[in-house]
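1. Could you work out the structure for the sequence below:
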Amino acid sequence: MKYDELLRYLESVVQLNSCPEAEPAGDATLETIREPITGEQANNLAGRY
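-> Got it, this is the predicted structure:
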């Protein structure tokens, strides 16, 4: 997914009026995705499902 596609998606999900309003949410989403998780966190998540 390209960044502009992510912004349009966030606009529709969060019901924002424009891309500039979606940019902070897009940046936060990408920052979160970039954060690694530990093996213990992965096991805890896997145990939930």
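
2. same for whichever strand or helix holds Ala28, what does it pack against?
-> Per DSSP states H and E, Ala28 falls inside helix 19-34. Counting contacts by 3 or more CB pairs under 8 Å, 6 or more residues apart in numbering; DSSP states H and E, helix 19-34 is packed against helix 3-14. Where you see a C-beta, it was placed from the backbone N, CA and C, and this is true even at glycine.

3. which parts of the helix it packs on are buried?
-> Burial within helix 3-14, assessed by neighbour count using 16 or more other CB atoms under 10 Å, is assigned to 6-8, 10-11.

4. and which of those residues is nearest Ala42?
-> Leu6 (24.1 Å; CB to CB).

5. Go ahead and confirm that closest one touches Thr29.
-> Yes. Using CB atoms under 8 Å, Leu6 is in contact with Thr29, at 6.8 Å.

6. mind putting the buried residues of helix 3-14 in TSV, distance to Leu45 and pLDDT included?
-> Formatted as TSV, the buried residues of helix 3-14 follow (distance: CB to CB, whole Å; pLDDT from 0 to 100):
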residue	distance to Leu45	pLDDT
Leu6	23	83
Leu7	27	83
Arg8	28	84
Leu10	23	82
Glu11	28	81
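
7. can the residues you listed go into JSON lines with extra columns for distance to Ala42?
-> Shown next, in JSON lines, are these (distance: CB to CB, whole Å):
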{"residue": "Leu6", "distance to Ala42": "24"}
{"residue": "Leu7", "distance to Ala42": "29"}
{"residue": "Arg8", "distance to Ala42": "31"}
{"residue": "Leu10", "distance to Ala42": "26"}
{"residue": "Glu11", "distance to Ala42": "31"}
